[in-house]
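Novice: Please work out how this folds:
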Amino acid sequence: MQLTYLFYLQRWNVKEMLIKQLVQLKGLSVEKAMAIANEVGCPSMLMAEFRNCGNGLLSDLQYTPLRKIGPATSKLLHEFYTSSALR
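Specialist: Numbers count the residues shown, from 1 in each chain. Alright, predicted model coming up:
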């Protein structure tokens, strides 16, 4: 119980919170979430970029030297971050 309490007392920065949020979504590993967070920085910037660029924004983003985020994951994130419920 003590460890759980200390976990919640930790101060998280915006990028870490974005990573925590992203890994909750199906198909997003920690590696993908870290690559996205490093690229955009914060959720509001991600939302703005998706509104400007569309659902293919992250499809070519590489999270390892040989792997990309891909169009399916980019579309999932686009739908999540541009839904009218977030406005």
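Novice: in what helix or strand does residue 20 lie?
Specialist: For residue 20, the element it lies in under DSSP states H and E is helix 14-22.
Novice: Residue 79 too?
Specialist: For residue 79, the host element (DSSP H and E) is helix 71-81.
Novice: buried residues in that helix?
Specialist: Residues 73-78, 80-81 are the ones in helix 71-81 that count as buried (16 or more other Cβ atoms under 10 Å). For glycine as for every other residue, the C-beta is placed from the backbone atoms N, C-alpha and C.
Novice: would TSV of those with pLDDT be doable?
Specialist: Formatted as TSV, the buried residues of helix 71-81 follow (pLDDT from 0 to 100):
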residue	pLDDT
73	93
74	93
75	92
76	92
77	93
78	93
80	90
81	89
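Novice: just these now: which is nearest residue 57?
Specialist: Nearest to residue 57 among the buried residues of helix 71-81 is residue 74, at 6.1 Å by Cβ to Cβ.
Novice: Please report the distance of that closest one from residue 30.
Specialist: In this view, residue 74 and residue 30 are 18 Å apart by Cβ to Cβ, to the nearest Å.
Novice: quick revisit: following element in sequence after the helix holding residue 20, please.
Specialist: Using DSSP H and E, the helix or strand that follows helix 14-22 in sequence is helix 30-40.
Novice: Need the mean per-residue confidence for that next one.
Specialist: Average pLDDT, helix 30-40: 94.
Novice: Could you double-check that residue 15 sits in contact with residue 36?
Specialist: No - contact criterion Cβ atoms under 8 Å: residue 15 and residue 36 do not qualify, at 10.0 Å.
Novice: Please say which of these two ends up with more neighbours.
Specialist: Shown here are residue 15 and residue 36; by other Cβ atoms under 10 Å, residue 36 has more neighbours (23 against 15).
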